[in-house]
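Asker: Give me the fold of what follows.
(one chain, ligands or ions: 2)
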Amino acid sequence: MTMLAITEGRILRPDLSVTAADVLIDRDSGEISAIGPDLAGDADETLDAANSLVTPGYVNGHCHVAMSLLRGYADDKPLDAWLQEDIWPAEGALTSDDVRAGAELGLLEMIKSGITAFADMYFHIPDIADAVETAGLRARLGHGIVTVGKDGDAAREDARTSLEIAREFDGAADGRISTAFMPHSLTTVGSEYLDEFVPDARAAGVPVHYHANETEDEVAPIVDERGVRPLEYAAEMGMLEPEDFVAHAVHVDDTEIDLLAEAGTGVVHCPASNMKLASGMAPVQQLLEAGVTVGLGTDGAASNNDLSMLDEARDAAMLGKLAADDASAVPAEAVVDMLTGESAAVIGLESGRLEVGAPADLAVIDLEQPHLTPPHDLVSHLTYAAAAADVRHTVCDGRILMRDREVLTLDEAAVRENALEAAEALSARVDG
Ligand SMILES: N[C@@H](CCSC[C@H]1O[C@@H](n2cnc3c(=O)[nH]cnc32)[C@H](O)[C@@H]1O)C(=O)O
Ligand SMILES: [Zn+2]
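Answerer: Residues are numbered from 1 along each chain as shown. Ligands and ions are numbered 1, 2, ... in the order given. Sure, this is the predicted structure:
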């Protein structure tokens, strides 16, 4: 048995109290085996956490990690124009090597900002899965389906690919990779494909994940055509099960909020993306009060433009208050839950809490920073003041992914170099 001890830190417990203790990790099982004083003697390796806050690893509930290659490629446009005029044409020119290079760049950034698990919708999934296996994070991956603008055969093929990828990669990387069936949204995928494939996804035992109610433009066509709200339509299509999860849920009405709560379907809130694309403000406080499980996600780096969940936490708190017109809405405690355990629950993972028997997925924050001083309330600091650069160590499944700000599973210089080359070649191909 090989044991890792994280020593002398302040440990953020599931009840959000903070205690001084060591954390002992069984590297073989990838689980936390003890939390308490003086555990260093039981370990064959230690990670110093003096003057540091030990938290669960952050769980990025909705991402398109390979879009890191398109960071800054197109900004300052609303969703529909941004996708149709810029992003989709560029994505049409991406090779599997480009996706791999973009994924590695995004994974590097995520490890450096303390993220240990994420859900991701994209294409060329075998390349992304391979990068995830190397990088050492946990992920729920899926092939995103778009059928609008495609002929019947191509559309059906896209949906079938999503199902097959979900079947093939579930349980990959020693179980660190799980999957989902991922229609892009309720307006970009025709109902005939949902009718045909959602039952197959259910039979394969994988959840369904999609963008929902992100903009008004996604709501109106469904209401006009079907006479029901988008999430009522999703329920009719069998896409509102407890294991399913939707990204955004910005423009949801009271009926839809109740529907989500009753169904037990989780929501991934993506505040930065919603602000940048001016999509709107999700009613997060109302969702929480209704009993909906809410996680947090960065969305892709082209609509954020970084993959820092600590930024997302602060944005969620700020935007939640503005949306509710109430400074007590979406408080720091709720945000820290959304950043960790709730996000994990939404995407169907066990991580997100520091307790014996839980997966050893954690991040260690350096508290010796002016912006984290004085330590009146570390839950407040995590939500409002901590930044990606404060993360010292990242551990996932009992393995050290980053030690003292040095990523051990990826070669940082090489990953950046590859991404630079791929991005330059892509621009030359797309823009001439
Ligand atoms: N197979 C599809 C690709 C879908 S992957 C998922 C898609 O979501 C897109 N995307 C990224 N961010 C957002 C967002 O905020 N809302 C909706 N779509 C997004 C992303 O660019 C990518 O094209 C095809 O043939 O086009
Ligand atoms: Zn998205």
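Asker: check contacts around residue 360.
Answerer: Applying Cβ atoms under 8 Å, 6 or more residues apart in numbering to residue 360 gives the contacts 4, 23, 25-27, 30-32, 395-398. (C-beta placed from N, C-alpha, C; glycine too.)
Asker: Equivalent analysis for residue 181, please.
Answerer: 142, 162-163, 166, 197-198, 200-201, 204, 206-209.
Asker: 7 Å - rerun?
Answerer: Shown in contact with residue 181 (Cβ atoms under 7 Å, 6 or more residues apart in numbering): 142, 162-163, 166, 197, 201, 206, 208.
Asker: Farthest pair within the residues you listed?
Answerer: Using Cβ to Cβ, those span at most 12.2 Å, a distance reached by 142 and 197.
Asker: Which one's more surrounded, these two?
Answerer: Higher neighbour count among residue 142 and residue 197: residue 142, with 30 against 22, using other Cβ atoms under 10 Å.
Asker: Can you list phi and psi of the more buried one for me?
Answerer: phi -160, psi 150 (degrees, to the nearest 10).
Asker: try residue 81
Answerer: According to degrees, to the nearest 10, residue 81 has phi -70, psi -40.
Asker: From ligand 1, how far out is residue 200?
Answerer: Between residue 200 and ligand 1 the distance is 18 Å, computed by Cβ to the nearest ligand atom, to the nearest Å.
Asker: That residue - nearest residue in space that isn't next to it in sequence?
Answerer: residue 163 (5.4 Å; Cβ to Cβ, 6 or more residues apart in numbering).
Asker: Report all helices and strands that the helix or strand that contains that neighbour contacts.
Answerer: Here residue 163, judged by DSSP states H and E, is contained in helix 152-169. Applying 3 or more Cβ pairs under 7 Å, 6 or more residues apart in numbering; DSSP states H and E, we find helix 152-169 packed against helix 125-135, strand 138-145, strand 177-179, helix 191-204.
Asker: Let me know the average pLDDT across the helix or strand that comes right after the third one.
Answerer: Under the assignment DSSP H and E, the closest C-terminal helix or strand after strand 177-179 is strand 182-183. Along strand 182-183, the predicted local confidence has a mean pLDDT of 98.
Asker: Could you give me the buried positions within the helix or strand containing residue 33?
Answerer: Per DSSP H and E, residue 33 falls inside strand 31-36. Under the neighbour-count criterion of 16 or more other Cβ atoms under 10 Å, strand 31-36 has 31-33, 35 buried.
Asker: Check those and tell me the two furthest apart.
Answerer: 31 and 35 (11.7 Å).
Asker: How about residue 274, nearest residue that isn't a chain neighbour?
Answerer: With sequence-adjacent residues excluded and distances taken as Cβ to Cβ, 6+ apart, residue 274 is closest to residue 250, at 5.7 Å.
Asker: in terms of contact, does the one you found touch residue 213 like I think?
Answerer: Yes: between residue 250 and residue 213 there is a contact under Cβ atoms under 7 Å: 5.8 Å.
Asker: show me the contacts for the nearest residue to residue 276 once chain neighbours are set aside.
Answerer: Using Cβ to Cβ, 6+ apart and skipping the chain neighbours, the partner closest in space to residue 276 is residue 303 (5.5 Å). Applying Cβ under 7 Å, 6+ apart to residue 303 gives the contacts 273, 276-277.
Asker: Residue 303 and ligand 1, how far apart?
Answerer: Where ligand 1 is concerned, residue 303 sits at a distance of 5 Å (Cβ to the nearest ligand atom).
Asker: Ligand 1 contacts on the chain?
Answerer: By Cβ under 6 Å from any ligand atom, the residues of the chain that approach ligand 1 are 64, 79, 83, 87, 91, 121-123, 144-146, 158, 184, 211, 214, 273, 299-300, 303.
Asker: Looking at the residues you listed, which are in helices?
Answerer: Counting by DSSP state H, the part of the residues of the chain next to ligand 1 found in helices is 79, 91, 158, 273.
Asker: quick check, nearest of those residues to residue 233?
Answerer: When these are compared against residue 233 (criterion: Cβ to Cβ), the nearest one is residue 79, at 19.3 Å.
Asker: Test my guess that that closest one contacts residue 277.
Answerer: Yes: counting by Cβ under 7 Å, residue 277 is a contact partner of residue 79 at 4.7 Å.
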